[in-house]
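# Provided below for reference: sequence and predicted model.
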Amino acid sequence: MRRSLRVLGRVILFGGALTGLLAAAGRMPAPERALGVIPLARLPYLPGSRIALRVEGFPPPYTLDVLGPVALRANRLRIPSDSRDGAATVIAGNAFGTALAMLQVAPPPRAATPTVAVACYADGVALYDATRFTPLGLIGIDGAPSDVAAIGNGRLVATQTQGPAVTVVRRHPWSVTTIPGVPFGDEVAVDPRTGAAFVTNRDVDGLGALTRIERDGSTTRIPLGETPEGLAIDARRNRAYVADVNAGTIDVVDTHRMREIRRFHAVARVFSLALSSHGAILYAVSNQSASSPFGAPGRVVAIALRPHPHRIAASAALTFPLGIALEQSRNRVFVTDESADVVDVLDARTLRAVHAPLRTCATPWKPLYDPRSARLYVPCARADAVDVFDTRTLRRVAGAPFSTAGYPLAVALWHRA
(Lines give C-alpha, C1' and ligand atoms only; values in the text may rest on other atoms or scores of the structure.)
Protein backbone atom coordinates (compact mmCIF):
# COMPACT_ATOMS: atom_id res chain seq x y z
CA MET A 1 0.00 0.00 0.00
CA ARG A 2 1.30 3.49 -0.79
CA ARG A 3 2.00 5.66 2.20
CA SER A 4 1.27 9.21 3.12
CA LEU A 5 4.31 11.34 2.34
CA ARG A 6 6.42 11.03 -0.77
CA VAL A 7 9.43 13.17 -1.63
CA LEU A 8 11.51 12.26 -4.69
CA GLY A 9 10.55 8.62 -4.39
CA ARG A 10 11.28 8.38 -0.65
CA VAL A 11 8.43 7.63 1.77
CA ILE A 12 8.19 9.15 5.24
CA LEU A 13 5.38 8.43 7.70
CA PHE A 14 4.18 11.17 10.03
CA GLY A 15 2.40 10.02 13.19
CA GLY A 16 1.66 12.11 16.26
CA ALA A 17 3.82 14.94 14.93
CA LEU A 18 1.41 15.54 12.05
CA THR A 19 -1.60 15.43 14.37
CA GLY A 20 0.02 17.94 16.71
CA LEU A 21 1.00 20.22 13.85
CA LEU A 22 -2.50 20.35 12.44
CA ALA A 23 -4.02 20.80 15.90
CA ALA A 24 -1.70 23.72 16.57
CA ALA A 25 -2.73 25.27 13.28
CA GLY A 26 -6.38 25.06 14.30
CA ARG A 27 -7.27 22.57 11.61
CA MET A 28 -8.42 19.84 14.01
CA PRO A 29 -8.99 19.26 17.73
CA ALA A 30 -6.12 17.90 19.79
CA PRO A 31 -7.39 14.31 20.41
CA GLU A 32 -5.77 11.51 18.41
CA ARG A 33 -7.32 10.73 15.05
CA ALA A 34 -6.63 8.20 12.33
CA LEU A 35 -3.62 8.84 10.17
CA GLY A 36 -4.85 8.44 6.62
CA VAL A 37 -3.10 7.91 3.33
CA ILE A 38 -3.33 9.96 0.12
CA PRO A 39 -2.03 7.53 -2.52
CA LEU A 40 0.37 9.10 -4.99
CA ALA A 41 2.90 7.62 -7.37
CA ARG A 42 6.55 7.19 -6.44
CA LEU A 43 7.74 9.17 -9.47
CA PRO A 44 7.78 12.97 -9.75
CA TYR A 45 4.87 14.32 -11.80
CA LEU A 46 5.32 16.16 -15.08
CA PRO A 47 3.66 19.47 -16.03
CA GLY A 48 0.15 19.07 -17.38
CA SER A 49 -0.65 16.16 -15.07
CA ARG A 50 -4.16 15.71 -13.72
CA ILE A 51 -4.42 13.70 -10.52
CA ALA A 52 -7.63 12.47 -8.88
CA LEU A 53 -7.20 12.54 -5.10
CA ARG A 54 -8.62 10.08 -2.63
CA VAL A 55 -7.99 9.40 1.04
CA GLU A 56 -7.65 5.98 2.63
CA GLY A 57 -7.91 5.34 6.35
CA PHE A 58 -10.96 7.37 7.33
CA PRO A 59 -14.37 7.98 5.70
CA PRO A 60 -15.47 10.99 3.63
CA PRO A 61 -16.42 13.76 3.49
CA TYR A 62 -13.12 15.46 4.18
CA THR A 63 -11.53 18.82 3.48
CA LEU A 64 -8.61 19.08 1.07
CA ASP A 65 -6.01 21.84 1.00
CA VAL A 66 -2.95 22.19 -1.20
CA LEU A 67 0.21 24.25 -0.96
CA GLY A 68 2.48 24.70 -3.95
CA PRO A 69 2.44 25.30 -7.72
CA VAL A 70 -0.68 23.22 -8.41
CA ALA A 71 -4.40 23.86 -8.70
CA LEU A 72 -7.07 21.99 -6.74
CA ARG A 73 -10.65 21.68 -7.92
CA ALA A 74 -13.27 19.05 -7.04
CA ASN A 75 -10.72 16.69 -5.43
CA ARG A 76 -8.44 16.90 -8.46
CA LEU A 77 -4.96 18.33 -8.78
CA ARG A 78 -3.81 20.00 -11.98
CA ILE A 79 -0.16 20.87 -12.60
CA PRO A 80 0.05 23.68 -15.19
CA SER A 81 1.80 22.75 -18.45
CA ASP A 82 4.29 25.61 -18.00
CA SER A 83 5.42 24.44 -14.55
CA ARG A 84 9.03 23.51 -13.94
CA ASP A 85 10.72 22.14 -10.83
CA GLY A 86 8.77 22.39 -7.60
CA ALA A 87 6.92 20.56 -4.86
CA ALA A 88 3.42 20.59 -3.48
CA THR A 89 1.84 19.48 -0.22
CA VAL A 90 -1.69 18.07 0.04
CA ILE A 91 -3.51 17.96 3.38
CA ALA A 92 -6.81 16.18 4.06
CA GLY A 93 -8.81 16.04 7.26
CA ASN A 94 -12.14 15.68 9.01
CA ALA A 95 -13.39 14.69 12.45
CA PHE A 96 -12.08 11.14 12.00
CA GLY A 97 -8.55 11.63 10.76
CA THR A 98 -5.86 13.53 8.90
CA ALA A 99 -3.57 12.77 5.99
CA LEU A 100 -0.66 14.51 4.32
CA ALA A 101 1.16 13.86 1.07
CA MET A 102 3.86 15.60 -0.92
CA LEU A 103 4.56 15.40 -4.61
CA GLN A 104 7.47 16.58 -6.69
CA VAL A 105 7.11 18.36 -10.04
CA ALA A 106 9.82 17.54 -12.60
CA PRO A 107 10.62 19.58 -15.72
CA PRO A 108 9.50 18.18 -19.09
CA PRO A 109 12.06 15.92 -20.76
CA ARG A 110 14.08 17.43 -23.57
CA ALA A 111 12.53 16.82 -26.98
CA ALA A 112 15.73 15.18 -28.23
CA THR A 113 15.74 12.55 -25.48
CA PRO A 114 14.81 9.08 -26.79
CA THR A 115 12.01 8.11 -24.46
CA VAL A 116 10.17 5.00 -23.32
CA ALA A 117 6.54 5.74 -22.40
CA VAL A 118 4.77 3.19 -20.18
CA ALA A 119 0.99 3.09 -19.68
CA CYS A 120 0.65 2.28 -15.97
CA TYR A 121 -2.95 1.46 -15.08
CA ALA A 122 -2.63 2.49 -11.43
CA ASP A 123 -0.78 5.80 -11.84
CA GLY A 124 -0.55 7.30 -15.34
CA VAL A 125 1.99 7.38 -18.17
CA ALA A 126 5.57 7.03 -16.94
CA LEU A 127 8.48 8.29 -19.07
CA TYR A 128 12.03 6.90 -19.03
CA ASP A 129 15.27 7.63 -20.84
CA ALA A 130 15.44 4.89 -23.48
CA THR A 131 19.22 4.61 -23.20
CA ARG A 132 19.68 4.20 -19.45
CA PHE A 133 16.07 3.49 -18.32
CA THR A 134 16.31 6.34 -15.81
CA PRO A 135 12.96 7.91 -14.85
CA LEU A 136 11.99 11.26 -16.36
CA GLY A 137 8.63 11.66 -14.66
CA LEU A 138 4.97 10.67 -14.67
CA ILE A 139 2.01 12.15 -16.54
CA GLY A 140 -1.17 11.84 -14.49
CA ILE A 141 -4.17 11.56 -16.82
CA ASP A 142 -6.98 11.61 -14.22
CA GLY A 143 -7.76 7.99 -15.01
CA ALA A 144 -6.39 4.53 -15.72
CA PRO A 145 -4.40 4.24 -18.98
CA SER A 146 -4.50 0.88 -20.75
CA ASP A 147 -2.41 1.73 -23.81
CA VAL A 148 -0.12 4.38 -25.25
CA ALA A 149 1.17 5.12 -28.77
CA ALA A 150 3.66 7.61 -30.21
CA ILE A 151 3.08 9.58 -33.40
CA GLY A 152 6.56 10.37 -34.68
CA ASN A 153 8.49 12.54 -32.25
CA GLY A 154 5.68 14.98 -31.74
CA ARG A 155 2.71 13.41 -30.01
CA LEU A 156 1.88 10.71 -27.50
CA VAL A 157 -1.69 9.37 -27.17
CA ALA A 158 -2.91 7.50 -24.06
CA THR A 159 -6.27 5.83 -23.60
CA GLN A 160 -8.40 6.07 -20.45
CA THR A 161 -9.98 2.67 -19.99
CA GLN A 162 -12.50 3.75 -17.35
CA GLY A 163 -13.13 7.28 -18.55
CA PRO A 164 -14.55 9.42 -21.38
CA ALA A 165 -11.42 10.83 -23.03
CA VAL A 166 -7.88 10.32 -24.30
CA THR A 167 -4.79 12.29 -23.33
CA VAL A 168 -2.46 13.80 -25.94
CA VAL A 169 1.06 14.92 -25.03
CA ARG A 170 3.08 17.17 -27.35
CA ARG A 171 6.80 17.83 -27.06
CA HIS A 172 7.23 20.94 -29.29
CA PRO A 173 6.41 22.82 -27.05
CA TRP A 174 5.43 20.63 -24.11
CA SER A 175 1.68 20.39 -23.53
CA VAL A 176 -0.83 17.89 -22.15
CA THR A 177 -4.42 18.07 -23.41
CA THR A 178 -7.59 16.03 -23.16
CA ILE A 179 -9.76 15.03 -26.11
CA PRO A 180 -13.32 14.18 -24.99
CA GLY A 181 -15.74 11.81 -26.67
CA VAL A 182 -13.50 8.72 -26.60
CA PRO A 183 -15.08 6.56 -23.88
CA PHE A 184 -13.67 3.36 -22.37
CA GLY A 185 -10.63 3.30 -24.62
CA ASP A 186 -8.64 0.08 -24.67
CA GLU A 187 -5.99 -0.06 -27.41
CA VAL A 188 -4.62 2.78 -29.51
CA ALA A 189 -2.78 2.57 -32.84
CA VAL A 190 -1.49 5.19 -35.24
CA ASP A 191 -1.71 5.68 -38.99
CA PRO A 192 1.78 7.04 -39.80
CA ARG A 193 0.64 8.39 -43.17
CA THR A 194 -2.14 10.65 -41.90
CA GLY A 195 -1.12 11.09 -38.25
CA ALA A 196 -4.59 9.93 -37.15
CA ALA A 197 -4.92 7.81 -34.02
CA PHE A 198 -7.45 4.99 -33.65
CA VAL A 199 -8.88 3.79 -30.34
CA THR A 200 -10.99 0.72 -29.62
CA ASN A 201 -13.91 1.47 -27.29
CA ARG A 202 -14.98 -1.46 -25.14
CA ASP A 203 -18.50 -0.21 -24.47
CA VAL A 204 -20.52 2.61 -26.01
CA ASP A 205 -24.25 2.36 -25.31
CA GLY A 206 -23.98 -1.41 -24.98
CA LEU A 207 -21.90 -1.91 -28.13
CA GLY A 208 -18.23 -1.72 -28.97
CA ALA A 209 -16.82 0.97 -31.24
CA LEU A 210 -13.77 2.35 -33.01
CA THR A 211 -12.87 6.05 -32.76
CA ARG A 212 -10.65 7.98 -35.19
CA ILE A 213 -8.87 11.02 -33.75
CA GLU A 214 -7.52 13.62 -36.19
CA ARG A 215 -4.49 15.82 -35.63
CA ASP A 216 -6.79 18.73 -34.75
CA GLY A 217 -8.56 16.65 -32.07
CA SER A 218 -11.80 16.05 -33.97
CA THR A 219 -13.23 12.55 -33.67
CA THR A 220 -15.32 10.09 -35.68
CA ARG A 221 -16.76 6.91 -34.15
CA ILE A 222 -18.49 3.85 -35.59
CA PRO A 223 -20.19 1.00 -33.70
CA LEU A 224 -18.66 -2.48 -33.93
CA GLY A 225 -18.89 -5.90 -32.27
CA GLU A 226 -18.78 -7.11 -28.67
CA THR A 227 -16.01 -5.68 -26.47
CA PRO A 228 -13.42 -4.49 -29.01
CA GLU A 229 -9.87 -4.53 -27.67
CA GLY A 230 -7.12 -5.70 -30.07
CA LEU A 231 -6.26 -3.37 -32.97
CA ALA A 232 -4.02 -3.41 -36.05
CA ILE A 233 -3.70 -0.73 -38.75
CA ASP A 234 -2.87 -1.23 -42.45
CA ALA A 235 -2.05 2.35 -43.45
CA ARG A 236 -1.38 1.54 -47.13
CA ARG A 237 -4.83 0.05 -47.65
CA ASN A 238 -6.76 2.29 -45.24
CA ARG A 239 -7.81 -0.69 -43.16
CA ALA A 240 -8.20 -1.29 -39.43
CA TYR A 241 -8.63 -4.73 -37.89
CA VAL A 242 -10.46 -4.84 -34.58
CA ALA A 243 -10.73 -7.88 -32.29
CA ASP A 244 -14.14 -8.40 -30.66
CA VAL A 245 -13.16 -10.40 -27.57
CA ASN A 246 -16.55 -11.65 -26.42
CA ALA A 247 -17.75 -12.52 -29.92
CA GLY A 248 -14.55 -14.15 -31.19
CA THR A 249 -14.76 -12.07 -34.37
CA ILE A 250 -12.63 -9.52 -36.19
CA ASP A 251 -14.05 -6.38 -37.79
CA VAL A 252 -12.49 -4.93 -40.94
CA VAL A 253 -12.92 -1.15 -41.10
CA ASP A 254 -12.29 1.29 -43.94
CA THR A 255 -10.35 3.94 -41.99
CA HIS A 256 -10.82 6.60 -44.67
CA ARG A 257 -14.62 6.44 -44.74
CA MET A 258 -14.93 5.03 -41.19
CA ARG A 259 -17.30 2.24 -42.11
CA GLU A 260 -17.27 -1.48 -41.45
CA ILE A 261 -16.45 -3.58 -44.52
CA ARG A 262 -16.89 -7.05 -43.09
CA ARG A 263 -16.76 -9.18 -39.95
CA PHE A 264 -15.39 -12.71 -39.76
CA HIS A 265 -14.91 -15.35 -37.09
CA ALA A 266 -11.33 -15.73 -35.87
CA VAL A 267 -10.89 -17.68 -32.63
CA ALA A 268 -12.56 -17.71 -29.21
CA ARG A 269 -11.72 -14.70 -27.04
CA VAL A 270 -9.61 -13.05 -29.71
CA PHE A 271 -7.67 -10.51 -27.68
CA SER A 272 -4.52 -9.17 -29.39
CA LEU A 273 -3.65 -8.66 -33.06
CA ALA A 274 -0.50 -8.17 -35.14
CA LEU A 275 -0.35 -7.48 -38.88
CA SER A 276 2.43 -8.42 -41.28
CA SER A 277 4.29 -5.55 -42.94
CA HIS A 278 2.80 -6.40 -46.35
CA GLY A 279 -0.71 -6.46 -44.87
CA ALA A 280 -1.48 -9.99 -46.03
CA ILE A 281 -1.38 -11.97 -42.76
CA LEU A 282 -3.09 -11.16 -39.50
CA TYR A 283 -2.04 -12.85 -36.25
CA ALA A 284 -4.65 -13.27 -33.52
CA VAL A 285 -4.27 -14.39 -29.90
CA SER A 286 -6.94 -16.48 -28.19
CA ASN A 287 -6.75 -15.33 -24.56
CA GLN A 288 -7.85 -18.59 -22.98
CA SER A 289 -6.43 -21.24 -20.65
CA ALA A 290 -7.51 -24.81 -19.99
CA SER A 291 -7.28 -24.12 -16.26
CA SER A 292 -9.26 -20.86 -16.42
CA PRO A 293 -13.06 -20.40 -16.34
CA PHE A 294 -12.98 -20.56 -20.15
CA GLY A 295 -11.95 -24.23 -19.94
CA ALA A 296 -10.09 -24.27 -23.26
CA PRO A 297 -6.43 -23.80 -24.18
CA GLY A 298 -5.19 -20.55 -25.61
CA ARG A 299 -3.27 -20.32 -28.84
CA VAL A 300 -2.20 -18.05 -31.71
CA VAL A 301 -3.60 -18.31 -35.23
CA ALA A 302 -2.37 -16.84 -38.52
CA ILE A 303 -5.07 -15.62 -40.90
CA ALA A 304 -4.45 -14.93 -44.60
CA LEU A 305 -6.59 -11.93 -45.53
CA ARG A 306 -6.74 -12.37 -49.30
CA PRO A 307 -8.71 -13.29 -51.32
CA HIS A 308 -10.86 -13.78 -48.20
CA PRO A 309 -9.91 -14.34 -44.53
CA HIS A 310 -8.89 -17.94 -43.83
CA ARG A 311 -6.69 -19.64 -41.26
CA ILE A 312 -3.30 -20.84 -42.50
CA ALA A 313 -1.51 -21.79 -39.25
CA ALA A 314 -2.14 -22.33 -35.55
CA SER A 315 0.21 -22.71 -32.63
CA ALA A 316 0.20 -25.53 -30.13
CA ALA A 317 -1.80 -24.96 -26.95
CA LEU A 318 -0.29 -22.18 -24.82
CA THR A 319 -0.76 -21.71 -21.07
CA PHE A 320 -2.58 -18.34 -21.07
CA PRO A 321 -1.45 -16.16 -24.02
CA LEU A 322 -2.26 -12.46 -24.01
CA GLY A 323 -0.18 -10.05 -26.13
CA ILE A 324 1.70 -10.38 -29.41
CA ALA A 325 4.47 -8.56 -31.29
CA LEU A 326 5.80 -9.36 -34.77
CA GLU A 327 9.47 -9.25 -35.78
CA GLN A 328 9.05 -9.32 -39.54
CA SER A 329 12.77 -9.30 -40.41
CA ARG A 330 13.36 -12.64 -38.65
CA ASN A 331 9.89 -14.12 -39.27
CA ARG A 332 9.10 -14.45 -35.58
CA VAL A 333 6.24 -13.56 -33.30
CA PHE A 334 6.59 -12.97 -29.57
CA VAL A 335 3.61 -13.93 -27.40
CA THR A 336 3.34 -12.99 -23.73
CA ASP A 337 1.81 -15.50 -21.32
CA GLU A 338 0.12 -13.91 -18.31
CA SER A 339 0.08 -17.13 -16.27
CA ALA A 340 3.44 -18.75 -17.08
CA ASP A 341 5.35 -15.42 -16.94
CA VAL A 342 7.16 -16.17 -20.20
CA VAL A 343 7.38 -14.87 -23.75
CA ASP A 344 6.87 -17.61 -26.34
CA VAL A 345 9.01 -17.29 -29.47
CA LEU A 346 7.20 -18.68 -32.54
CA ASP A 347 7.95 -18.96 -36.24
CA ALA A 348 5.73 -16.44 -38.01
CA ARG A 349 5.01 -18.85 -40.88
CA THR A 350 4.24 -22.06 -38.99
CA LEU A 351 3.61 -20.73 -35.45
CA ARG A 352 5.84 -23.48 -34.09
CA ALA A 353 8.22 -22.70 -31.23
CA VAL A 354 11.70 -21.79 -32.49
CA HIS A 355 13.30 -21.03 -29.12
CA ALA A 356 12.72 -21.85 -25.49
CA PRO A 357 10.26 -19.40 -23.86
CA LEU A 358 11.94 -16.28 -22.48
CA ARG A 359 11.54 -16.07 -18.72
CA THR A 360 10.31 -12.64 -17.68
CA CYS A 361 8.67 -10.84 -14.76
CA ALA A 362 5.16 -11.34 -13.35
CA THR A 363 2.14 -11.06 -15.66
CA PRO A 364 3.65 -9.85 -18.94
CA TRP A 365 1.08 -7.84 -20.89
CA LYS A 366 1.24 -6.06 -24.27
CA PRO A 367 4.75 -6.41 -25.80
CA LEU A 368 6.36 -3.95 -28.21
CA TYR A 369 9.02 -4.79 -30.81
CA ASP A 370 11.20 -1.86 -31.89
CA PRO A 371 12.92 -2.53 -35.24
CA ARG A 372 15.32 0.43 -34.82
CA SER A 373 16.99 -1.01 -31.74
CA ALA A 374 16.04 -4.70 -32.26
CA ARG A 375 14.57 -4.70 -28.77
CA LEU A 376 11.47 -6.32 -27.33
CA TYR A 377 9.80 -4.40 -24.50
CA VAL A 378 7.62 -6.41 -22.11
CA PRO A 379 5.54 -4.57 -19.47
CA CYS A 380 4.94 -6.83 -16.46
CA ALA A 381 1.72 -5.77 -14.74
CA ARG A 382 2.13 -7.47 -11.37
CA ALA A 383 5.84 -6.76 -11.11
CA ASP A 384 5.57 -2.98 -11.70
CA ALA A 385 8.46 -3.40 -14.13
CA VAL A 386 9.37 -3.43 -17.82
CA ASP A 387 11.60 -6.18 -19.18
CA VAL A 388 13.72 -5.62 -22.31
CA PHE A 389 15.29 -8.24 -24.60
CA ASP A 390 17.75 -7.94 -27.48
CA THR A 391 16.00 -9.88 -30.24
CA ARG A 392 19.30 -10.57 -32.01
CA THR A 393 20.50 -12.67 -29.06
CA LEU A 394 17.19 -13.21 -27.21
CA ARG A 395 18.96 -12.13 -24.06
CA ARG A 396 17.91 -9.50 -21.55
CA VAL A 397 19.61 -6.14 -22.06
CA ALA A 398 21.67 -4.47 -19.35
CA GLY A 399 19.52 -2.61 -16.83
CA ALA A 400 16.39 -4.68 -17.46
CA PRO A 401 13.92 -5.24 -16.07
CA PHE A 402 13.54 -1.68 -14.78
CA SER A 403 11.01 -0.57 -12.17
CA THR A 404 8.08 1.58 -13.19
CA ALA A 405 4.83 2.95 -11.80
CA GLY A 406 1.89 0.77 -10.85
CA TYR A 407 0.54 -2.00 -13.10
CA PRO A 408 2.20 -1.33 -16.48
CA LEU A 409 0.20 -2.61 -19.46
CA ALA A 410 1.79 -1.16 -22.61
CA VAL A 411 4.89 0.60 -23.95
CA ALA A 412 5.54 3.17 -26.67
CA LEU A 413 8.82 4.67 -27.90
CA TRP A 414 9.51 8.31 -28.66
CA HIS A 415 12.59 8.35 -30.84
CA ARG A 416 14.54 11.45 -31.71
CA ALA A 417 13.01 13.39 -34.58
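Ah, there it is. Numbering: from 1, shown residues only.

# switch to C-alpha atoms for all contacts and neighbour counts from now on
Will do.

# Look at the most centrally placed residue in the chain and tell me its secondary structure.
Centroid-nearest residue in the chain: A119, 2.7 Å away (criterion: CA atoms, centre = their mean). Recorded secondary structure, A119: strand (DSSP: H, G, I helix; E, B strand; the rest coil).

# again, but for G406
Reduced to three states with three-state DSSP, the structure at G406 is coil.

# Number of residues surrounding the nearest residue to it once chain neighbours are set aside?
Counting by CA to CA, 6 or more residues apart in numbering, A122 is the residue found nearest to G406 once chain neighbours are left out, at 4.9 Å. By the measure other CA atoms under 10 Å, the count of residues near A122 is 20.

# Thought I141 was touching A122, still the case?
No. A122 is not in contact with I141 according to CA atoms under 8 Å; the separation is 10.7 Å.

# ok, back up a step: for the residue nearest to G406, give me its contacts.
For A122, the contact set (CA atoms under 8 Å, 6 or more residues apart in numbering) comprises A144, P145, A405, G406, Y407, P408.

# sorry, back to before: list the beta-bridge partners for the residue nearest to the centre of the chain.
Note on A119: beta-bridge partners by DSSP bridges are V125, A410.

# for the contacts of A122, which one is nearest P108?
Closest approach between those and P108, by CA to CA: A405, at 17.5 Å.

# quick one: the strands in the stretch 301-417 of the chain?
Using DSSP state E, counting those that start in this stretch, the strands of the stretch 301-417 of the chain run over 310-314, 321-327, 332-337, 342-347, 353-359, 368-370, 375-380, 385-390, 395-396, 402-403, 408-414.

# by contact count, what packs against the third one?
This points to strand 332-337. If you count contacts as 3 or more CA pairs under 8 Å, 6 or more residues apart in numbering; DSSP states H and E, strand 332-337 packs onto strand 321-327, strand 342-347.

# Could I get the full set of helices for this protein?
Using DSSP state H, the helices of the chain run over residues 16-24.

# Break it into its domains for me.
Annotated domains of the chain cover 5-105, 185-404 [automatic domain parsing].

# Would you single out the least confident of those?
Confidence, taken as mean pLDDT, is least for domain 5-105 of the domains of the chain (a mean of 78).

# tell me the contacts of the closest residue to V204 other than its chain neighbours?
Take V204 and drop its neighbours on the chain: the residue closest to it by CA to CA, 6+ apart is P183, 7.0 Å away. Listed by CA under 8 Å, 6+ apart, the contact partners of P183 are Q160, T161, Q162, G163, P164, A165, N201, D203, V204.

# Let's have the contacts of A122 in JSON lines, adding pLDDT.
Compiled in JSON lines, these are given as follows (pLDDT from 0 to 100):
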{"residue": "A144", "pLDDT": "96"}
{"residue": "P145", "pLDDT": "97"}
{"residue": "A405", "pLDDT": "97"}
{"residue": "G406", "pLDDT": "96"}
{"residue": "Y407", "pLDDT": "98"}
{"residue": "P408", "pLDDT": "98"}
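
# Closest one of these to R263?
Looking across the contacts of A122 and measuring by CA to CA, the closest to R263 is P145, at 27.8 Å.

# tell me the phi and psi of that closest one?
Main-chain torsions, P145, degrees, to the nearest 10: phi -80, psi 140.

# Spit out the contact partners of it.
A119, C120, Y121, A122, G124, V125, A158, T159, Q160, T161.

# Just give me the neighbour total for the closest residue to the fifth one other than its chain neighbours.
Beyond its immediate neighbours in the sequence, the residue positioned closest to G124 (CA to CA, 6+ apart) is G140, lying 4.7 Å away. When neighbours are counted by other CA under 10 Å, G140 registers 28.

# Begin at 57 from now on, thanks
In the new numbering, first residue 57, that becomes G196.

# Can you give me the neighbour number for A157?
Neighbourhood size, A157 [other CA under 10 Å]: 24.

# Just list whatever residues bridge to it.
Bridge pairing for A157 - DSSP bridges - gives V146.

# same check, this time on R132
Here R132 sits in beta bridges with A108, R129, going by DSSP bridges.

# do you know how far it is from P116?
With distances taken as CA to CA, to the nearest Å, R132 is found 15 Å from P116.

# separation between L287 and R428?
L287 is 22 Å from R428, by CA to CA.

# Looking at those two, which one has more neighbours?
Between L287 and R428, counted using other CA under 10 Å, the more crowded position is L287 (25 against 7).

# dump the residue contacts of the more buried one.
Contacts of L287 (CA under 8 Å, 6+ apart): E243, V244, A245, T256, A296, Y297, V298, A299, S328, L329, A330.

# Quickly name whichever of those is closest to A168.
Nearest to A168, judged by CA to CA, of the contacts of L287 is A245 at 22.9 Å.

# which residue sits closest to V309, ignoring its sequence neighbours?
Nearest to V309 is E316, by CA to CA, 6+ apart, at 4.4 Å.

# isn't that neighbour right up against V308?
Yes. Judged on CA under 8 Å, E316 makes contact with V308 at a distance of 5.9 Å.

# does R295 have beta-bridge partners, and which?
Note on R295: beta-bridge partners by DSSP bridges are D290, D310.

# Quick check: it vs D247, distance?
R295 is 10 Å from D247, where distance means CA to CA.

# Please identify every residue contacting each of those two.
Shared between the contact lists of R295 and D247 (criterion: CA under 8 Å, 6+ apart) are residues I289.

# measure R325 to A245 for me?
Computed as CA to CA, the R325 to A245 distance reads 20 Å.

# one step back: closest one to G251 out of the contacts of P201, please.
Nearest to G251 among the contacts of P201, counting by CA to CA, is A214 at 14.7 Å.

# for that closest one, what are its contacts?
A175, V181, P201, S202, D203, V204, A205, V222, T223, V224, V244.

# P170 too?
With contacts defined as CA under 8 Å, 6+ apart, P170 is in contact with D185, A186, T187, L469, W470, H471, R472.

# Understood, closing this out.
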